[in-house]
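> Turn this into a model:
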Amino acid sequence: MGGDGVKALHIITGLGVGGAEQQLRLLLRHLPTECDVVTLTNAGAVARGIVADGARVTDLGMAGNRDVTVLPRLSGLIKAGGYDVVHTHLYRACLYGRVAARLAGVRAVVATEHSLGDSQMEGRPLTRGVRALYLAGERLGRMTVAVSPAVGQRLSSWGVPRQRIQVVPNGIDVERFRFDPAARVLVRKRFGLPESAFVVGGVGRLSPGKRFDVLLRAVAQLPPDVAVLLVGSGPEEPELRRLAQRLGLTDRVRFAGEAGHEEGTAADGVPDLPSLLAAMDALASPSPEEAFGLALVEGLASGLPVLYSSCPAVDGLPEGVTADATRCPSDPDAYAGALHGLRGGVRVPARRRAPAAAEHYSITRSAGQLMRVYTSVVSGPTLEVTPR
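This is a model prediction of the structure:
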């Protein structure tokens, strides 16, 4: 609560299971300041976790994108809370949160852009109208946080002034992802994966943009000891199951479901993500467009070699910070060739170690950078320090 004397309100579109939502929860644990949370809608699993951690969550129950009745309620809540900083997350919350903060008289407004690609935002196609509305809202804030240099460059190309863009990368709890050989044995047993199998993982929402179909088509070209463990849920799951059947991979593909984000298992019995990563021998991300690539950073922290088509987190590493990561076109043949090479050089699991790249994305480092942003927006309109 406040070594830095800043009281912050975080506003997010929803708090169901998702990357931005989980990142907010982790960040709240490490920010050395008092924080409350407002979700416009869907106070789901992550909201319950945040409350269990000791923070307050208010659900405004927003009925839809155009439910402007939330504005006076949100503005009143901001004014009554006496917040020094309002920090918004995800598109809808950024629009409504910036307006409400201005109505409440708070000008120290920070917005994090979690998921901006070249052609989509938060999984939806970018249109001229979406961009125009975003830029109109951005002018009401004081700083936009980009989770990677690539996102920062996209914002700048849109017309967001460079002095109002600050790169603060996503972070992970590095120690939590340390490889656990006992978890490897248990997870493989749970999913019927032989210890001798070469298990390729995919982690993320099962949606068309993630292109996990590329991974399945690649594995279909490889020997039968190569298996796939997909972690996540989403609208593409039925089609991926049908594809696995058509490719003759039914016995080689496991759908794990949504991973638990705390130690142990999720409510439906799915092991936590570090345990699932321990069961893998490689991690693949065929998605051609990512804003950051958090799952790959978590894989690196588990000591896994990773294959990726787009990962600003890896591409943005400082010179001299290495990672066991290989870029591949989002193409089945390219992934098949890369996986064949990895399969031939499998390392002894007990020796898996996190590379320096994982430490570069430590959540404590990210929280420290964000606190500097808070201090700056409270005291003045711009920030000149870009951490490396």
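> Tell me, please, where in this protein the pLDDT is lower than the cut-off.
With pLDDT under 70 as the threshold, the chain has low-confidence stretches at 1-4, 260-268, 346-351, 381-388.
> burial measure for residue 211, as a count.
Here the number of neighbours of residue 211 (other Cβ atoms under 10 Å) works out to 25. For the C-beta atoms, the positions are set from N, CA and C on the backbone; glycine is no exception.
> what do you get for the one 10 residues further on?
For residue 221, the count of nearby residues is 15 (other Cβ under 10 Å).
> Spell out which helix or strand contains it, please.
Residue 221 belongs to no helix or strand when assigned by DSSP states H and E.
> That one and residue 331 touch, don't they?
No: Residue 221 is beyond contact range of residue 331, at 11.5 Å (criterion: Cβ atoms under 8 Å).
> Using the record's domain definitions, break the protein down for me.
7-171+362-379, 174-360 (automatic domain parsing).
> Run the chain-centre distance for the last one.
How far domain 174-360 lies from its chain's middle: 15 Å, per Cα atoms, centre = their mean, to the nearest Å.
> Can you check the distance spanned by it, start to finish?
With Cα to Cα, to the nearest Å as the measure, the first residue of domain 174-360 is 10 Å from its last.
> Now the closest residue to residue 197 other than its chain neighbours: which helix or strand?
Counting by Cβ to Cβ, 6 or more residues apart in numbering, the nearest residue to residue 197 once its immediate chain neighbours are dropped is residue 227, at 4.7 Å. Element membership of residue 227 [criterion: DSSP H and E] is strand 226-231.
> Could you do residue 23 as well?
Assigned by DSSP H and E, residue 23 belongs to helix 19-30.
> Check the offset of that helix from the chain's centre.
The gap between the average C-alpha position of helix 19-30 and the chain average comes to 9 Å, counting by Cα atoms, centre = their mean.
> contacting residues around it?
Judged by Cβ atoms under 8 Å, 6 or more residues apart in numbering, the contacts made with helix 19-30 from elsewhere in the structure are 10, 12, 14-15, 35, 37, 46, 49-50, 53, 55, 89-90, 112, 114-115, 170-173, 261, 294, 363-364, 366-367, 370.
> In strands, which of those fall?
Mapping the contacts of helix 19-30 onto strands (DSSP state E) picks out 10, 12, 35, 37, 89, 112.
> and stretch 56-66, how far apart are its ends?
Counting by Cα to Cα, the length from the leading to the trailing residue of stretch 56-66 is 26 Å.
> That'll do, ta.
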